[in-house]
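[1] Make a model of this:
(chains A and B)
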2 protein chains.
Amino acid sequence: MKTALNPDVESALRPLSGRAISHVFLVACGGSLSIMQGGKYFIDRHSAKLSSDLFNADEFVCRDPKRLGPDALVILCSQTGTTSETVRAAEHARGKGALTIAMTLDPVSPLAKACEFTLAYQASYTTGIAIDAADSNYAVLYMLLAGLLRITDGVDLTGPLLTSLSALQPAIYRAHQVFAGRFASFAPRFRDKSAIYALASGPAYGAAYSFSTCVLMEMQWYDSQAIHANEFFHGPFEVVDENAAFIVLVGSDETRRLSERARDFLLRFGSRDNILVLDSDELDLTAIDRRFQTYLLPLVFFDTLWKFAYRLADLRGRPMLEGRRYMKKITGY
Amino acid sequence: MKTALNPDVESALRPLSGRAISHVFLVACGGSLSIMQGGKYFIDRHSAKLSSDLFNADEFVCRDPKRLGPDALVILCSQTGTTSETVRAAEHARGKGALTIAMTLDPVSPLAKACEFTLAYQASYTTGIAIDAADSNYAVLYMLLAGLLRITDGVDLTGPLLTSLSALQPAIYRAHQVFAGRFASFAPRFRDKSAIYALASGPAYGAAYSFSTCVLMEMQWYDSQAIHANEFFHGPFEVVDENAAFIVLVGSDETRRLSERARDFLLRFGSRDNILVLDSDELDLTAIDRRFQTYLLPLVFFDTLWKFAYRLADLRGRPMLEGRRYMKKITGY
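    The predicted structure is shown next:
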């Protein structure tokens, strides 16, 4: 049971008290960038003082926003801490006088060394070792942002966050059970699709983005896109027919009706056999504070979908991590 | 030759002088949202005073950012001015005391009525009537933002912007010539692809987004995604093989090296026959100020790609606007 913020988070928060931070840059690449969607949503909903931006690390360096300076906090994330674009982004931000905080598995990695503070987290996806989700990238990010909000806006949500994090891993295990049967019946139908879309709104968009680009495209070579649930109606929905395969994430956040509307459209014009819906209402989120269900659901969805990915991988005979052809296999690009 | 800002822009700027605007929300749906990418890039590069966010209109209403208040400017765009999500977003923003400016073809549309100021623009895509790109949505947006920047940051770029806008339409016509032969040879090869991706970075990402979702998906039912040129390397690039079809937009902005890197990868691991590259270096941008080439290129790319879309439509026997099955054809969703 977590009763206090991670000590590394407390260390990183200390210099923030004496500093008038007005802007937060959330900077990373790929899957590590996807978690920032939840972070930005949290800032947008709760802070009247902070503006924020979410940037791919290399875009951030080249775009070089004029707001980047001593009143900016730059939070960077890289699983291994070796993503060269993200390390460069940290160096760039520090050069501009911004405060930099690294999130990484490895506290002695290049990213950690490039930043003033490091928050280590744990991950099971790439290591295969079971972790407590309270120690994950999402958890560490929300602890940092809740602590920041306490300083900038005088709003203290750290208590309900810590309670919620303690209840997260059991909720994830229960979610696996809830969706296991559905995954078993959808996997054979999705196996030979050429394209599978992931659709979401609000903080869950990050989970859709990560599953679409880092799992379906990267590890299983499906054509894909993470479609925002309302943008869907302004172009993408025209691809929908009886064969179109969609995964729809319906969260409990303020944007829920956007995903519901897209889900209803898909069930009307697509085939029920090809529309895989994961709805937060089906889940037992006991002891997760209502205010944090919103932010922790992307993690529940993503962790659960990982099981679906392994089912697809088995049926397709294409292993997950080892199935890549370029990433970590070739160099010089 | 434009020598002064559009009078509607000047009217909209007037109340801004007496008001401490600190944040700009760029709000729209689909194609109208795509142009905001260039607007945000412009603000990020030039303003030390303004932060900004780009939101799908319905996401904006539900997320209801806490920063939305009297010190916020909300710029909303809808071609017809009837997009219900965008009209609702304008009403929501006004209710929070923010200053609202509508961009629309129709100055008496619901969106125009919902906002305090309206900037009318012209479009040829949906009307079929040839326009001067100096009167387009992009042009009006940049005039507004250049005027805003003059107020907030004391930086006056309106002169070079106006000169550049006057030179834009001729540059677009020349671009059509430059790419016509390439489009003719790529169209038969792309005709029967199931998926076509559009890749870009910086302000050109908006053009890729619009072409991917509002043209390839909406009007030709291709599977697609607008892939950010660096995010490409963090997942999506694994779909690349000899048959993968990509359109790569290489702009002249600060992020150019990102698109160059993705282009080089695609030409190495994909087939040259399936990688359609549009590079700003091939274009004659005479009389467009170097500082504005960056921001006007998305319009040049998009307008030019529209020609490519018509070629695909002809070969596929699927008309462009009339080929939709849901948008403006069915109701009640």
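[2] Before we move on, what's the pLDDT of residue A:19?
    Note for residue A:19: predicted pLDDT of 89.
[3] how about it, secondary structure?
    Secondary structure state of residue A:19, per DSSP: H, G, I helix; E, B strand; the rest coil, is coil.
[4] Distance-wise, check the nearest residue in space to it that is not next to it in sequence relative to chain B.
    Closest residue to residue A:19 apart from its sequence neighbours, by CB to CB, 6 or more residues apart in numbering or on different chains: residue A:99 at 6.8 Å. Backbone N, C-alpha and C define where each C-beta goes, glycine included. Distance, residue A:99 to chain B, by CB to the nearest CB, to the nearest Å: 17 Å.
[5] dump the residue contacts of the residue in the stretch 201-333 of chain A positioned nearest to chain B.
    Residue of the stretch 201-333 of chain A nearest chain B, by CB to the nearest CB: residue A:234 (2.7 Å). Each residue near residue A:234 by CB atoms under 8 Å, 6 or more residues apart in numbering or on different chains is listed here: B:29, B:30, B:31, B:33, B:213, B:214, B:218.
[6] returning to that earlier point: can you get me a residue count around the residue nearest to residue A:19?
    As a burial measure, residue A:99 scores 21 neighbours (other CB atoms under 10 Å in any protein chain shown).
[7] That one is in contact with residue A:75, isn't it?
    No - contact status for residue A:99 versus residue A:75: not in contact, 9.4 Å apart, counting by CB atoms under 8 Å.
[8] out of the contacts of residue A:234, who's nearest chain A?
    For the contacts of residue A:234, the nearest to chain A is residue B:30 (2.7 Å; CB to the nearest CB).
[9] where does chain A have low pLDDT?
    Applying pLDDT under 70 to chain A flags the ranges A:125-127.
[10] Show me it divided up by domain.
    Following automatic domain parsing, one finds the domains of chain A at A:7-163, A:167-318.
[11] now the end-to-end length of the last one.
    By CA to CA, to the nearest Å, the extent of domain A:167-318 from end to end equals 34 Å.
[12] Next: the longest one.
    End-to-end span of domain A:7-163 (CA to CA): 17 Å.
[13] Check the offset of that domain from the chain's centre.
    13 Å (CA atoms, centre = their mean, to the nearest Å).
[14] The shortest one now?
    Shown here is domain A:167-318, whose average C-alpha point lies 13 Å from the average C-alpha point of the whole chain (CA atoms, centre = their mean).
[15] Identify the farthest-apart pair in the contacts of residue A:234.
    For the contacts of residue A:234, the farthest-apart pair by CB to CB is B:33 and B:218; their separation is 13.6 Å.
[16] picking that back up, can you narrow the contacts of residue A:234 down to the ones near chain A?
    Among these, the residues lying close to chain A (CB under 8 Å from any CB of the partner chain) are B:29, B:30, B:31, B:33, B:213, B:214, B:218.
[17] all helices for chain A, in order.
    Assigned by DSSP state H, the helices in chain A fall at A:7-17, A:30-34, A:36-46, A:57-63, A:84-95, A:110-114, A:137-153, A:158-166, A:168-190, A:205-210, A:218-220, A:256-269, A:290-316.
[18] relative orientation of the last one and helix A:168-190 in degrees?
    Just to be clear, that refers to helix A:290-316. Per axes from the mean of the first three to the mean of the last three CA atoms, to 10 degrees, the angle that helix A:290-316 makes with helix A:168-190 is 40 degrees.
[19] Okay, buried residues for helix A:290-316 please.
    Residues of helix A:290-316 classed as buried by neighbour count (16 or more other CB atoms under 10 Å in any protein chain shown): A:292-306, A:308-313, A:316.
[20] Chain B contacts on the stretch 51-200 of chain A?
    A:51-53, A:56-59, A:62-67, A:69, A:83, A:85, A:194-195.
[21] Mark which of those are buried, thanks.
    Buried among these by 16+ other CB under 10 Å: A:51-53, A:56-59, A:62-63, A:65-67, A:83, A:85, A:195.
[22] what two of the residues you listed are the furthest from one another?
    A:66 and A:195 (39.3 Å).
[23] Now for the residue lying closest to residue A:325 once chain neighbours are set aside: which residues touch it?
    Of all residues not flanking residue A:325 in the chain, residue B:238 sits nearest, at 6.3 Å (CB to CB, 6+ apart). Counting by CB under 8 Å, 6+ apart, residue B:238 touches A:217, A:218, A:219, A:221, A:324, A:325, A:326, A:327.
[24] Could you identify which of the residues you listed has the most neighbours?
    residue A:218 (27 neighbours).
[25] Distance check, that residue against residue A:108.
    27 Å (CB to CB, to the nearest Å).
[26] same question, residue A:81
    8 Å.
[27] higher neighbour count, these two?
    Between residue A:81 and residue A:108, counted using other CB under 10 Å, the more crowded position is residue A:81 (25 against 10).
[28] Near the closest residue to residue A:120 other than its chain neighbours, how many other residues are there?
    Residue nearest to residue A:120 in three dimensions, not counting chain neighbours: residue A:107, with 4.5 Å by CB to CB, 6+ apart. Residue A:107 has 15 neighbours, counted by other CB under 10 Å.
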